[in-house]
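S.K.: pasting the sequence and the predicted model now:
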Amino acid sequence: MRISLATFLLTLIVRESSAFIVPNPTFRTHSVQRYLFEDDEEMIPVAENYLRAKYQASATDGDITKAEAVEILRAVLPPVTAEELETEVESTLSSIMENPDDAAETINESKFVEALLGNSYWEDAGDLVVKELMYFDALHCYYQTGESLLNDEDYGELKDNLTWEGSSVPMMKGKEAKFVTAVASSRRGMGTMGDEEYGQLKSELKKEGSWVTDREPDALEKMGISTFMGYLHRSLSN
């Protein structure tokens, strides 16, 4: 269930005291257990379809291997430092492999999706970070391969949801999204472009005065709200 606009605006006002402070999202704690998309239930099928598409894109003969699962995890877990990412991947993979249906070398699709939706790193990052992550990944996949991770309905639902929440991600130009994705992928050890192409893209964006090349926080990040860009900025500062 989505919160009302009035509630959302009140939340922003309360959080103004933390403006310009970049949160440390990896160590965010809750006094009460909160589940992913608990107040945003329409995003659950979108996330499920996204994860199934990631699974199927890597599947060999119907199932994915443990090594293929690791590559997916590197792409879908929040952007953190290299050391933290290794911990996230190992922990999440261990929870997946606890499933008795999974053989040593293959992983069941439904159990994989279930485990990813309930992984602690997505829950700690929060709904907004996960939605922005899916949006960036869907754009990257489309521009790089021409394949769609999300159908038109899911993509529209995700974009509208992010726009309503005040996220800067749907407002980014194609080049800005490509740059951010390249930086995040590089931090994960999954580079998507060469140094020359990266340098040229960064130079073009700087000339255009784009905020994404200066590690400048967006509006929500300034208010202390956990965002994909906040995660990325923190990983770059370490």
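M.R.: Perfect, I can see it now. Residues are numbered from 1 along each chain as shown.

S.K.: phi first, then psi, for T60.
M.R.: For T60, the backbone dihedrals (degrees, to the nearest 10) come out as phi -120, psi 120.

S.K.: for it, which non-adjacent residue is closest in space?
M.R.: E68 (7.2 Å; CB to CB, 6 or more residues apart in numbering). The C-beta positions use only the backbone N, C-alpha and C, and glycine is treated the same way.

S.K.: show residues contacting whichever strand or helix holds that neighbour.
M.R.: Assigned by DSSP states H and E, E68 belongs to helix 66-76. Under the criterion CB atoms under 8 Å, 6 or more residues apart in numbering, residues 51, 54-55, 58-60, 64, 85, 88-89, 92-93, 96-97, 104-107, 112, 116, 133, 137, 185, 188-190 lie in contact with helix 66-76.

S.K.: C-terminal to the longest helix seen in the chain, which secondary structure element comes first?
M.R.: The helix spanning the most residues in the chain, taking DSSP state H as the definition, is helix 127-145. Per DSSP H and E, the first helix or strand lying C-terminal to helix 127-145 is helix 152-165.

S.K.: any buried residues in that next one, and which?
M.R.: For helix 152-165, the neighbour count (16 or more other CB atoms under 10 Å) marks D154, Y155, E157, L158, K159, N161, L162, E165 as buried.

S.K.: equivalent analysis for stretch 48-62, please.
M.R.: Buried residues in stretch 48-62, counted by 16+ other CB under 10 Å: E48, N49, Y50, L51, R52, A53, K54, Y55, S58, A59.

S.K.: okay, that stretch in CSV with CA atoms only?
M.R.: Extracted as CSV, the C-alpha positions of stretch 48-62 are listed here (Å, rounded to 0.1, in the frame of the first residue of the first chain):
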residue,chain,number,x,y,z
GLU,A,48,9.7,-10.7,-9.1
ASN,A,49,9.6,-10.3,-12.9
TYR,A,50,12.9,-8.4,-12.8
LEU,A,51,14.6,-11.2,-10.9
ARG,A,52,13.1,-13.9,-13.1
ALA,A,53,14.4,-12.0,-16.2
LYS,A,54,17.9,-11.8,-14.6
TYR,A,55,17.7,-15.5,-13.9
GLN,A,56,16.5,-16.5,-17.3
ALA,A,57,19.1,-14.4,-19.1
SER,A,58,21.8,-16.4,-17.4
ALA,A,59,20.1,-19.8,-17.3
THR,A,60,21.8,-22.8,-19.0
ASP,A,61,19.4,-25.6,-19.9
GLY,A,62,16.7,-24.2,-17.7
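
S.K.: work out the gap between that stretch and the centre of the chain.
M.R.: 17 Å (CA atoms, centre = their mean, to the nearest Å).
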